[in-house]
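In: turn this into a model:
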Amino acid sequence: MTKLQQIEKSVESLSDEEMKAFAAWFEELRWQRWDRQIEEDSKNGKLDRFADEALADFRAGRTRPL
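Out: A predicted model of the protein is given here:
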């Protein structure tokens, strides 16, 4: 049995309360990983192109207030 299969089996056996707590924990973990990835991409310049495009659109008047 793979590690993932073991996890799936364990999750399937959780009570409703345990599932609720697990889901909240897992969602927080996903957001933490997302934040770390965004920070890493930002530090490595992977988002610079998007910022440059947004600024160019703003300067050219191709934006509108939210």
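
In: what pLDDT does Ala23 get?
Out: The model reports Ala23 with a pLDDT of 98.

In: run a quick neighbour tally on it.
Out: By the criterion of other CB atoms under 10 Å, Ala23 has 12 neighbours. The C-beta positions use only the backbone N, C-alpha and C, and glycine is treated the same way.

In: how much space between it and Lys9?
Out: Relative to Lys9, Ala23 is positioned 17 Å away (CB to CB, to the nearest Å).

In: biggest helix in this protein, by residue count?
Out: What stands out as the longest helix in the chain, according to DSSP state H, is helix 16-43.

In: from the chain's centroid, how far away is that one?
Out: In terms of CA atoms, centre = their mean, to the nearest Å, the centre of helix 16-43 is set 7 Å apart from its chain centre.

In: same question, stretch 28-48
Out: 8 Å.

In: double-check Thr63 against Asp57; I have them as touching.
Out: Yes. Here Thr63 reaches Asp57: they are 5.5 Å apart, a contact under CB atoms under 8 Å.
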